[in-house]
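Take a look and give me a structure for this.
(2 chains)
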There are 2 protein chains.
Amino acid sequence: MSLSLRALPLTAERFAPFGDVIEASAAHKQVMNNARFERFRDLARVDMGDESGAWPSISIARSSTATEFPYRLDMLERHPNGSQAFMPLAHFRFVVVVAPAGESVEVEEIAAFVTNGKQGVNYHKGVWHMPMIALRSGQEFLIVDSAEESAICDEHYLGEPVLVEL
Amino acid sequence: MSLSLRALPLTAERFAPFGDVIEASAAHKQVMNNARFERFRDLARVDMGDESGAWPSISIARSSTATEFPYRLDMLERHPNGSQAFMPLAHFRFVVVVAPAGESVEVEEIAAFVTNGKQGVNYHKGVWHMPMIALRSGQEFLIVDSAEESAICDEHYLGEPVLVEL
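Take a look at the predicted model:
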């Protein structure tokens, strides 16, 4: 029997052990450009680790397939040398599954979240996370991460799949 | 009589002297996550200049007012120590006005562009640009820039306003 895990609404508090929630929250509000804009400043930072030769990079990812739920998760990945942020380029929800940074993944520490449609996430360096999936095809994310010529991405295969429920 | 300037459609070629266009273009396409996503990699980089103590930072800006065109531009600004990227968080057009990096602004070198609704821009370090304005109130941008404890922002007031036409 598979372990099953229900995705909880994403909040900054719940996600704090894993990274940042990128959203326009009142706590970060300032005015800019003569009050023509509100600015929510420094919601996340790109961590480039201690390796030299990394640079903060901006990319776009577009989903080619829609993933159905419950989703059978069998692998988590981590980037040991840097952070990775995903911001939706339209209003849509997405699901993130994470486990704390560490040498391995403890199944009981895996957590699943669903965004509210306007939130993005920044995975902190070394945090285990599900490779990005999308609820619909054609959805686009801005990715802001630490890029390297040959980036390291570790994979951890679960002994038994986890069923992620929405 | 004011100089008037019509905003041209934004393309990577036209914008190259000033920065990067952030868009999903075929030239940058790769597959990722077992072909569940197309990735358009490294479309722009955060330049943190030579100053120590800067960090690559992610913010959100939300417009509080709608700006009407023609727009009477009287000031350009630059960030001499770093780049600054703006990516719309929904599909909407916006106008950018730029002038080459340099000690001052030559009026005949000012250029105006309008995005196609899915493009973002990355102003290179030191490039003069119009402070962000929006065609509608409530429009949100992700900002990815080089942050410092006390960031320098130079302003250049034009001897005569430029009328930007859409």
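
From the chain's centroid, how far away is the top strand by length along chain A?
In chain A, taking DSSP state E as the definition, the longest strand is strand A:154-165. Chain-centre distance of strand A:154-165: 16 Å, with CA atoms, centre = their mean, to the nearest Å.

touching chain B at all, it?
No: Strand A:154-165 is not in contact with chain B by CB under 8 Å from any CB of the partner chain; minimum separation 11.5 Å. C-beta coordinates here come from the backbone N, C-alpha and C atoms, glycine included.

So what pairs up with the spatially most central residue of chain A in the strands?
Central residue of chain A (CA atoms, centre = their mean): A:V121, 4.4 Å from the mean position. Taking DSSP bridges as the rule, A:V121 bridges to A:V21, A:F86.

circling back to that earlier point, if you count contacts, what does the longest strand of chain A end up packed against?
Judged by 3 or more CB pairs under 8 Å, 6 or more residues apart in numbering or on different chains; DSSP states H and E, strand A:154-165 is in contact with strand A:3-6, strand A:71-78, strand A:95-99.

Same question for it: list its buried residues.
A:158, A:162-164 (16 or more other CB atoms under 10 Å in any protein chain shown).

Same check on stretch A:49-66?
A:49, A:54-64.

Out of those, list just those in strands.
A:55-63.

Keep only those that also lie close to chain B.
Restricting those to those near chain B by CB under 8 Å from any CB leaves A:55-63.

what stretches of chain A score poorly on pLDDT?
Within chain A, the segments meeting pLDDT under 70 span A:1.

try it again with 80
Within chain A, the segments meeting pLDDT under 80 span A:1-2, A:27, A:32-34, A:51-52, A:151.

Give me the nearest residue to the residue of it positioned farthest from its centre, chain neighbours excluded.
Residue farthest from the centre of chain A, counting by CA atoms, centre = their mean, is A:N34 at 33.2 Å. Excluding the flanking residues, the one nearest A:N34 by CB to CB, 6 or more residues apart in numbering or on different chains is B:P131, at 7.8 Å.

now do A:E160
Nearest to A:E160 is A:S2, by CB to CB, 6+ apart, at 6.2 Å.

I'd say the one you found and A:L163 touch.
Yes: assessed by CB atoms under 8 Å, A:S2 is found in contact with A:L163 at 4.7 Å.

Report the contact partners of the residue nearest to A:E160.
A:72, A:160-163 (CB atoms under 8 Å, 6 or more residues apart in numbering or on different chains).

Apply 7 Å and report the result again.
Counting by CB atoms under 7 Å, 6 or more residues apart in numbering or on different chains, A:S2 touches A:160-163.

Let me know the closest of those to chain B.
When these are ranked by distance to chain B (CB to the nearest CB), A:P161 comes first, at 15.6 Å.

who are the neighbours in contact with that closest one?
A:2, A:72-74.

Identify, from these, the entry nearest to B:L10.
A:L73 (39.8 Å; CB to CB).

show me what contacts the closest residue to that closest one other than its chain neighbours?
Counting by CB to CB, 6+ apart, A:L73 lies nearest to A:V162, which is 4.7 Å off, once chain neighbours are set aside. By CB under 7 Å, 6+ apart, the contact list for A:V162 reads A:2-3, A:5, A:73, A:107, A:110.

Give the bridge partners for A:V162, please.
A:V162 has these beta-bridge partners by DSSP bridges: A:L3, A:L73.

A:I143 contacts A:P56, correct?
No: using CB atoms under 7 Å, A:I143 makes no contact with A:P56, being 11.1 Å away.

near chain B, which residues of chain A show up?
Contact residues, chain A versus chain B (CB under 7 Å from any CB of the partner chain): A:22, A:24, A:32-33, A:35-46, A:55-65, A:85, A:87, A:89-91, A:122, A:131-133, A:140, A:142, A:144, A:147.

Before I go, just wanted to say thanks for your time.
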